[in-house]
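Trainee: give me coordinates for this.
(one chain, ligands or ions: 1)
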Amino acid sequence: MSQRLQNRHALLTGAAGGIGLAATAAYLAQGARCTAVDLPREPSHELAELSRQYGDRLHYVACDVSKTADIDDLLAAAQARFGPIEVLFNNAAIFDLAPLLASDEAMYDRLFAVNVRGMFFVMQKVLAQMVAQRSKARPAGTVINLASQAGRRGEALVSHYCATKAAVVSYTQSAALAMAPYGIRVNAIAPGVIDTPMWQHVDALFARYEGLKPGEKKAAVGKAVPLGYMGSPKQVADAAVFLASDEASYITAQTLNVDGGNVMS
Ligand code: NAD
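Mentor: The predicted structure is shown next:
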């Protein structure tokens, strides 16, 4: 079995389910040691299953990434267990939608607190550690932020979420330029429609505002993808392995679409 991330320490946020869980499984399969981060105090059933398979190469830490004051403790716990963080999979995010004229400050604050503030300060603090602890003995660190096709184009019902994901693309570019002198690569992945727990919530919201039956929106968006189906979390995780690996050593500041052809850029 190839081990493209042999012994690297990867920190993954939003790792309890969906894309974050698939990336954790893929990184472990490639030989990484993973700090998996999510909201619940205890690891999800699926993470516990991975722990049984990979033993002490998986470490779970509960943290709400929107609480910036808690991020230092998270990074200290990660380092105490596995040493310097070499790969950040910056994935935790939430979704919500409402008609533009009805979307209120509370929704704006909630979405920006996790998807932008949490994303940015986890990245900034990990990058500071990567810069301070870089060594010739280790490859320079790398960051993968989770954007979205929603960050490429606005949507009438989804203004705040789209704006948060456009911010991810922009911060990825700025951070990549700031970190290039250190050899640290910063990229993003923009998934299209991926079949994860988030979609139960997304489908229900569209059903409410577009007068659809449960499941109708999900089926329609899958059918509309050029490849003809919703992607799987594993298909995003495969791209995340590539971007984290040395095979992507000349790739930085990019947002890679993993979307079955929905967006062309
Ligand atoms: P998901 O809702 O299935 O999983 C997200 C995880 O993040 C959950 O386990 C949740 O508990 C965790 N999380 C939420 N807020 C957190 C916080 N404050 N601190 C720590 N953890 C927190 O979502 P997913 O579909 O797996 O999405 C993963 C990423 O991909 C997100 O950034 C999402 O915006 C992006 N994305 C998803 C899709 C899709 O179709 N599923 C499409 C484009 C982009």
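Trainee: now the closest residue to residue 253 other than its chain neighbours: how far from the ligand?
Mentor: Nearest in space to residue 253, with sequence neighbours left out and distances taken as Cβ to Cβ, 6 or more residues apart in numbering, is residue 176 at 3.5 Å. Heads up, the C-betas are built off the backbone N, CA and C, glycines and all. Using Cβ to the nearest ligand atom, to the nearest Å, we find residue 176 at a distance of 18 Å from the ligand.
Trainee: so residue 176 makes contact with residue 185?
Mentor: Yes: using Cβ atoms under 8 Å, residue 176 is in contact with residue 185, at 6.9 Å.
Trainee: more neighbours: these two, which one.
Mentor: residue 185 (24 against 19; other Cβ atoms under 10 Å).
Trainee: need the contact list for the residue nearest to the more buried one when sequence neighbours are not counted.
Mentor: Spatial nearest neighbour of residue 185, excluding adjacent residues (Cβ to Cβ, 6+ apart): residue 252 at 4.1 Å. Contact analysis of residue 252 by Cβ atoms under 8 Å, 6 or more residues apart in numbering lists 176, 179, 180, 185, 186, 187.
Trainee: now render these as JSON lines, adding pLDDT.
Mentor: JSON lines is the format used below for the contacts of residue 252 (pLDDT from 0 to 100):
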{"residue": "176", "pLDDT": "98"}
{"residue": "179", "pLDDT": "98"}
{"residue": "180", "pLDDT": "97"}
{"residue": "185", "pLDDT": "98"}
{"residue": "186", "pLDDT": "98"}
{"residue": "187", "pLDDT": "99"}
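Trainee: give me the contact list for the host helix or strand of residue 26.
Mentor: Under the criterion of DSSP states H and E, residue 26 resides in helix 18-29. Contact with helix 18-29 is made by 1, 5, 8, 10, 12-15, 34, 36, 38, 44, 46-47, 50, 53-54, 57-58, 87, 89, 91-92, 146, 191, 194, 196-198, 232-234, 236-238, 240-241, 244, as judged by Cβ under 8 Å, 6+ apart.
Trainee: next SSE downstream of that helix?
Mentor: Next along from helix 18-29, by DSSP H and E: strand 33-38.
Trainee: could you say what helices and strands the following helix or strand past that following strand packs with?
Mentor: Using DSSP H and E, the helix or strand that follows strand 33-38 towards the C-terminus is helix 45-54. On a contact count with 3 or more Cβ pairs under 8 Å, 6 or more residues apart in numbering; DSSP states H and E, helix 45-54 meets helix 18-29, strand 58-62.
Trainee: chain center to the longest one, what's the gap?
Mentor: Here helix 18-29 is found 11 Å from its chain centre; the criterion is Cα atoms, centre = their mean, to the nearest Å.
Trainee: for stretch 72-87, same thing?
Mentor: 18 Å.
Trainee: any part of that stretch near the ligand?
Mentor: No: contact of stretch 72-87 with the ligand (Cβ under 6 Å from any ligand atom) is absent, the minimum separation being 9.5 Å.
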